[in-house]
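J.: Here is my input, please return the structure:
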Amino acid sequence: MSTVVQHPSAHNDPHWDLRVDLAATFRWTVRERWHEAVSNHYSAVTNDDGTEFLMNRNQVHFSRVSASSLLHLNANDPDVMDLPDAPDPTAWGLHSAIHRHVPYARVALHVHPKYSTVLASLEDSDMPPIDQNTATFYERIVVDDGFGGLAFEEEGERCARLFSDLRKKVMVMGNHGIMVLGDTVADAFNRLYFFERAAQTLILAYSTGRPLRTLSHEIASKTAQELEDYPGQADRHLDEIKQILDEEEPSYAS
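T.: Modelled structure (predicted):
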């Protein structure tokens, strides 16, 4: 029988449930081995215009992130980096720019998972539709081929400007990693999960040296739309993750 953990809406924080959801994704990222030492960052907005957001603290291992430890930042506050608990400067540069300029980026997840990063390192970083998972992202990827170094504020602004198509919520950051957007934490994390799975399939297929069996434009488009409209999967995915963490790693929700 599963253990039911009461997630305390302590601190009278109106964003407590959002904090818990986001903290769960940090912990699960470690289990998937997508984390990279004390680097990388996730954020989720807390206001209507998307300029206030939660984000992980500077150089804290993902396995130690909890709901209460997340920073609450304002993308339009020029003094953020002067605070005693300032965020990682590249996290601030990238995520503050996205939340200032991309209103549909309610959640933004930036990591360097193995297969997605290999894809980002290829001359052609697009994702041909060779199976159901790769078809999920058909015509739904932004490929950035203008890497300009660490994502301080100028680089963050450049990357944010590349998001303009509402359908395209994954950026393959050439020579870097990926940025995945979503309407909710569940939506973004589910997209990240399946993108890394799709990248794994593609890279392994490339490694055979054999010709790819690529889906037609019509079937790939149809499949992508069907999966986009598939009901409830992202929410159930995150709910299941939280139930496992409730039993095995409940400190995420503290």
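J.: Could you check the pLDDT of the residue nearest in space to the middle of the chain?
T.: Here the mean C-alpha position of the chain is nearest to the C-alpha of L109 (Cα atoms, centre = their mean), at a distance of 2.3 Å. Looking at L109, its pLDDT reads 98.
J.: That one in helix, strand or coil?
T.: Here L109 takes the strand state, with states given by DSSP: H, G, I helix; E, B strand; the rest coil.
J.: what about it, distance to E218?
T.: Relative to E218, L109 is positioned 31 Å away (Cβ to Cβ, to the nearest Å). Bear in mind the C-beta positions are built from the backbone N, C-alpha and C, glycine included.
J.: So for stretch 71-89, mean pLDDT?
T.: 92.
J.: List the buried residues for it?
T.: L71, L73, A75, V80, A86, P87, D88, P89 (16 or more other Cβ atoms under 10 Å).
J.: Quick check: the fourth one touching P89?
T.: No: look at V80 against P89 with Cβ atoms under 8 Å: they stay out of range, at 9.9 Å.
J.: Tell me where the protein is predicted with low confidence.
T.: The model of the chain has pLDDT under 70 over residues 1-11, 151.
J.: In it, where's the longest helix?
T.: Ranked by residue count and defined by DSSP state H, the top helix of the chain is helix 185-207.
J.: quick one: it to chain centroid distance?
T.: In terms of Cα atoms, centre = their mean, to the nearest Å, the centre of helix 185-207 is set 11 Å apart from its chain centre.
J.: Let me know the angle separating it from strand 107-111.
T.: 30 degrees (axes from the mean of the first three to the mean of the last three Cα atoms, to 10 degrees).
J.: that older thread, the buried residues of stretch 71-89 in strands, which ones?
T.: Residues of these located in strands (DSSP state E): L71, L73.
J.: F53: which element?
T.: strand 52-55 (DSSP states H and E).
J.: in its sheet, what does that strand sit against?
T.: Sheet pairing for strand 52-55, assigned by DSSP bridges, gives strand 41-45 (antiparallel), strand 71-74 (antiparallel).
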